[in-house]
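[1] Coordinates only, no sequence provided:
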């Protein structure tokens, strides 16, 4: 049986660490940061063990065996070829991300965003998606439907209006059920054991996975959460989330909570020491340049930014 898919962040960070190791021997600081990353989550260690297993497998091949099909007559170093094979093994064997679409063409297109600022995608029907960090969606359009499967994270959707929209309704599937869009702008977010949906324009209809007869229609300014069997009553919703505009908003937020949020949008390890964790921070910060955000913090808070490597950053007291 194939291993369960790695989440987008694990895949992205594993590939980045693979690139670092392919460049040569890691410095002691880099090696320590890699060990911290591997220990941070079981999926990280599983991904790295997968890479190591593929490396050992490739080390036992004849020097030229298996390389020719990839090089296609062009020069390719052993290290670069090995990197390519390992990446294909990580992404292909784990069923991961858009690499599947290159090597396993199908009607389903997979889009993902790892530890980076929100990404914008326009689909063939004109629908626009904004994928937050650690988000993956699979899109399948055919003559009967327009289906978006949210596999992880959260996504803001502005539905398109093709001529046959009535015959091909747009739906967002999650493990808990289906959100059907009726010409609208809305956000769908996966949370532990449930899905949350918030509506900003138009109308949406929510159906649960195990009780399809249980439905709820939302109007603009409402949000709801649902499990596979139950839909909670709709409640008032705020405006569109700041992350969809590429911003992180802090209103008297504790620094450790701020660091946890910011770390979603950058690879590697970002943390703060206990001495500064309770400091309060307010402001609006761009997610496209998290290094600039970190560099600005010492100007407003009594702390320093310590960078042991690009993947290991600590905020500590001055």
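    Arrived safely. Being a predicted model, the structure only gives us computed values, none of them experimental.
[2] Tell me how many other residues surround residue 180.
    Using other C-beta atoms under 10 Å, residue 180 is surrounded by 18 other residues. Glycine gets a C-beta too; all of them are placed from N, C-alpha and C.
[3] Nearest residue to it in space, please, no chain neighbours.
    Nearest-residue entry for residue 180: residue 205, 4.4 Å, with adjacent residues in sequence omitted and distances by C-beta to C-beta, 6 or more residues apart in numbering.
[4] Then residue 283?
    residue 250 (5.6 Å).
[5] next one: residue 189
    Nearest to residue 189 is residue 154, by C-beta to C-beta, 6+ apart, at 3.6 Å.
[6] which residues does the residue nearest to residue 283 contact?
    For residue 250, the contact set (C-beta atoms under 8 Å, 6 or more residues apart in numbering) comprises 258, 281-285.
[7] Just say helix, strand or coil for it.
    What DSSP: H, G, I helix; E, B strand; the rest coil gives for residue 250 is strand.
[8] Would you mind measuring from it to residue 204?
    Residue 250 sits 30 Å away from residue 204 when distances are taken as C-beta to C-beta, to the nearest Å.
[9] Quick check, pLDDT for residue 243.
    Note on residue 243: pLDDT of 94.
[10] residue contacts, the closest residue to it other than its chain neighbours?
    Distances taken as C-beta to C-beta, 6+ apart put residue 132 closest to residue 243, at 5.3 Å, once the chain neighbours are dropped. By C-beta under 8 Å, 6+ apart, the contact list for residue 132 reads 113, 118, 153-155, 243-244, 264.
[11] same thing but at 6 Å, please
    118, 153-154, 243 (C-beta atoms under 6 Å, 6 or more residues apart in numbering).
[12] Out of those, list just those in strands.
    Using DSSP state E, the members of those that fall in strands are residue 154.
[13] Could I get the contacts of residue 132 in TSV, plus columns for neighbour count and distance to residue 11?
    Below are these laid out as TSV (neighbours: other C-beta atoms under 10 Å; distance: C-beta to C-beta, whole Å):
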residue	neighbour count	distance to residue 11
118	23	18
153	22	13
154	23	18
243	21	20
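[14] Give me the distance between the residue nearest to residue 189 and residue 246.
    14 Å.
[15] swap in residue 272?
    Using C-beta to C-beta, we find residue 272 at a distance of 23 Å from residue 246.
[16] Of these two, which one has the most company?
    Neighbours per residue (other C-beta under 10 Å) separate residue 272 from residue 246, with residue 272 holding more: 24 against 17.
[17] Could you pull up the contacting residues of that one?
    255-256, 259, 315.
[18] ok, now which ones touch the nearest residue to it once chain neighbours are set aside?
    Excluding the flanking residues, the one nearest residue 272 by C-beta to C-beta, 6+ apart is residue 315, at 4.0 Å. By C-beta under 6 Å, 6+ apart, residue 315 lies in contact with 272, 276, 303.
[19] just checking, which of those residues belong to strands?
    272, 303.
[20] where does the stretch 51-200 of the chain dip in pLDDT?
    54-107 (pLDDT under 70).
[21] all strands of it, in order?
    108-113, 119-122, 128-131, 135-141, 146-152, 154-158, 170-174, 177-181, 185-191, 194-201 (DSSP state E, counting those that start in this stretch).
[22] List the strands paired with the second one, with their directions.
    Same thing as strand 119-122. strand 128-131 (antiparallel) (DSSP bridges).
[23] which other residues reach the strand it pairs with?
    Counting by C-beta under 6 Å, 6+ apart, residues outside strand 128-131 touching it are 113, 118-122, 155-158, 244.
[24] Which one of these is nearest to residue 22?
    residue 113 (23.7 Å; C-beta to C-beta).
[25] I'd guessed the closest one sits against residue 121; true?
    No: look at residue 113 against residue 121 with C-beta atoms under 6 Å: they stay out of range, at 9.1 Å.
[26] Neighbour count for the two, which is higher?
    More crowded of residue 113 and residue 121, by other C-beta under 10 Å: residue 113, with 27 against 15.
[27] Check the gap between the more buried one and residue 217 for me.
    Taken as C-beta to C-beta, the spacing of residue 113 relative to residue 217 amounts to 30 Å.
[28] How much space separates residue 297 from residue 309?
    19 Å.
[29] With neighbour numbers in mind, choose between these two.
    More neighbours surround residue 297 than the other of residue 297 and residue 309, with 23 against 17 (other C-beta under 10 Å).
[30] and that one, helix, strand or coil?
    helix.
[31] Helices of the stretch 1-150 of the chain, start to end?
    All helices of the stretch 1-150 of the chain, identified by DSSP state H, counting those that start in this stretch, fall at 8-22, 28-40, 42-59, 68-71, 78-93, 99-103.
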